[in-house]
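Colleague: sequence unavailable; structure follows:
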């Protein structure tokens, strides 16, 4: 079984390490990394991801946070061998209405150039002190101009209406302060064959609860694999 991973705002894929380590060896993984030296729009990132998808083997696409919209647009294109999609603590439309007014303000760029405060990382993203430093170090590797551009892309997201008939899983963090639980309603409306699993934890649920989420993903992928083989 092959799992293609699309990461959150950082785009590096490095924060997937605990989750990948918790997966069974029967699941092979490939993380698609977003460039940190050039600003790319959602449409350009979709093209970048499409070019790197497996051509000869079946795969599941997993999208975390920022990457949810990318996975949705790819699912609409029905690439060869895509058997299912997993969305994790993510959204297809602007998850918080205030972003449209807040993000374009210049001080946001300055704020993103500063180190991520530990209390913000713990209480809003992770819920675990031990994970704060890895997150801070990863974000330091991504220029603030890139982070700002990706936040701006999120703020521009509008209503989506095209439906997808594909095996789909949505993993929802029970204590997600950044992405409203209402975001799932959009997925429920658009994906004709979707199931939702709630995992106790904060927004970065794959990082905060790698073993719990790995079990959920393994069960889902095993079910899809057996359906495809029958």
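Modeller: Perfect, I can see it now. On a predicted model such as this, the values are computed, not experimentally measured, just so you know.

Colleague: distance between stretch 181-200 and the chain's centre?
Modeller: Going by C-alpha atoms, centre = their mean, to the nearest Å, the spacing between the C-alpha centre of stretch 181-200 and its chain's C-alpha centre is 14 Å.

Colleague: end to end, how far does it reach?
Modeller: Counting by C-alpha to C-alpha, to the nearest Å, the length from the leading to the trailing residue of stretch 181-200 is 13 Å.

Colleague: buried residues, that stretch. List them.
Modeller: Residues of stretch 181-200 classed as buried: 183, 184, 186, 187, 190, 191, 194, 197, 199 (neighbour count, 16 or more other C-beta atoms under 10 Å). From N, CA and C alone the C-beta is placed, and that goes for glycine too.

Colleague: and the furthest pair within these?
Modeller: Using C-beta to C-beta, the two most remote members of the buried residues of stretch 181-200 are 190 and 199, lying 22.0 Å apart.

Colleague: need the pLDDT of the most centrally placed residue in the chain.
Modeller: Within the chain, the residue whose C-alpha comes closest to the C-alpha centroid is residue 64; the distance, by C-alpha atoms, centre = their mean, is 1.1 Å. In this prediction, residue 64 carries a pLDDT score of 96.

Colleague: same check, this time on residue 176
Modeller: If you check residue 176, the pLDDT there is 85.

Colleague: now do residue 196 against residue 138, distance only.
Modeller: Distance check for residue 196 against residue 138: by C-beta to C-beta, to the nearest Å, it reads 28 Å.

Colleague: re earlier: contact partners for the residue nearest to the centre of the chain?
Modeller: The contact partners of residue 64, taken as C-beta atoms under 8 Å, 6 or more residues apart in numbering, are 5, 6, 7, 8, 88, 89, 90, 206.

Colleague: which helix or strand contains the fourth one?
Modeller: Pointing back at residue 8 there. Of the helices and strands defined by DSSP states H and E, none includes residue 8.

Colleague: other SSEs contacting the longest helix seen in the chain?
Modeller: Of all the segments of type helix in the chain, defined by DSSP state H, the longest one is helix 210-229. Secondary structure elements in contact with helix 210-229, counted by 3 or more C-beta pairs under 8 Å, 6 or more residues apart in numbering; DSSP states H and E, are helix 17-22, strand 59-64, strand 82-88, strand 167-173, strand 194-199.
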